[in-house]
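Student: predicted coordinates and the sequence they were generated for:
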Amino acid sequence: MLSRFRNSLFDRGQPADASDSYKRRLAIYQSELDEPEFTSRDPGDRRIDVHAFGRDFVPDCEEGSDEGYVLLTNGMSEQRMAVPAQAKEAKARAELIWYVREGTTEICSNLRWLASVPFIDNTWFGFGHRVPMPAPPVRGTDFKTFLFLTPIIAPDQRIAEQLSIAGDPVEILTVNLISDREYELIKNEGLDTFLDLLDENDYPPIFDPARKSYV
């Protein structure tokens, strides 16, 4: 899969000037996910790279295969988010994860932009937060609202348990795209109602741009 995505921003190595915290995060990622197949480098000053780890999403106990990528940011947690004082249980640092079929430039750019939003807008991301967009951010889908959840796949949960920086725990948030009607359901009836819908419809872990709205 890698060959079709090679360009100047994708490589397999680690930058020579990577900080100690960058290297520690990458080592934790690799302990659970092995070596990344490629990394999309951040050309800007904020330095939020996106590592792409190949994964077969079919559990070992089941037959068949369902190959894709675990895209995981490295660098978002270097800066604390502007968590309000009343959000006492919220974590001030985070990294984002997106399960995709192909790690395209478009998707990596979206993920990097999302990881930058809290620092551009002086805000924060946590479980259940949404980011509505004026238009679909990815080709092939009509959905235009990002929804953040937390990992339910064991290796990704273990990564979240191990990450910290400057004494702060680091949240791992999964990136999901939802329809306008699903967004309205969450606003009107709450996140739990929507999560029940995901369970009822056997929501796939890998982002499917052709998914039909559950509402």
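Tutor: Looks like it arrived, so ask away. Note that the structure is predicted; figures quoted are calculated from it, not measured. Numbers count the residues shown, from 1 in each chain.

Student: what's next to the helix or strand containing residue 185, contact-wise?
Tutor: Assigned by DSSP states H and E, residue 185 belongs to helix 180-189. Taking Cβ atoms under 8 Å, 6 or more residues apart in numbering as the criterion, the residues outside helix 180-189 that touch it are 128, 130, 132, 143-145, 147, 178, 193-194, 197, 213-215. C-beta coordinates here come from the backbone N, C-alpha and C atoms, glycine included.

Student: ranges for the strands of the chain?
Tutor: Assigned strands in the chain, in chain order: 10-11, 38-40, 49-56, 67-74, 93-100, 130-132, 145-149, 164-165, 168-178 (criterion: DSSP state E).

Student: looking at those, which has the lowest confidence?
Tutor: Of all these, mean pLDDT reaches its minimum on strand 10-11 (a mean of 54).

Student: picking up where we left off before, would you put the C-alpha positions of the helix holding residue 185 in PDB?
Tutor: What follows is the C-alpha trace of helix 180-189 in PDB, where atoms were taken according to Å, rounded to 0.1, in the frame of the first residue of the first chain:
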ATOM      1  CA  ASP A 180     -25.900  16.300   9.900                       C
ATOM      2  CA  ARG A 181     -28.800  14.300  11.300                       C
ATOM      3  CA  GLU A 182     -26.500  12.300  13.600                       C
ATOM      4  CA  TYR A 183     -25.000  15.600  14.800                       C
ATOM      5  CA  GLU A 184     -28.500  17.000  15.600                       C
ATOM      6  CA  LEU A 185     -29.400  13.800  17.400                       C
ATOM      7  CA  ILE A 186     -26.400  14.200  19.700                       C
ATOM      8  CA  LYS A 187     -27.300  17.900  20.400                       C
ATOM      9  CA  ASN A 188     -31.000  17.100  21.100                       C
ATOM     10  CA  GLU A 189     -30.800  13.700  22.800                       C
END
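
Student: and the angle for it with strand 168-178?
Tutor: Helix 180-189 runs at 120 degrees relative to strand 168-178, counting by axes from the mean of the first three to the mean of the last three Cα atoms, to 10 degrees.

Student: can you give me how far helix 180-189 is from the chain middle?
Tutor: Put simply, helix 180-189 sits 21 Å off its chain's centre (Cα atoms, centre = their mean, to the nearest Å).
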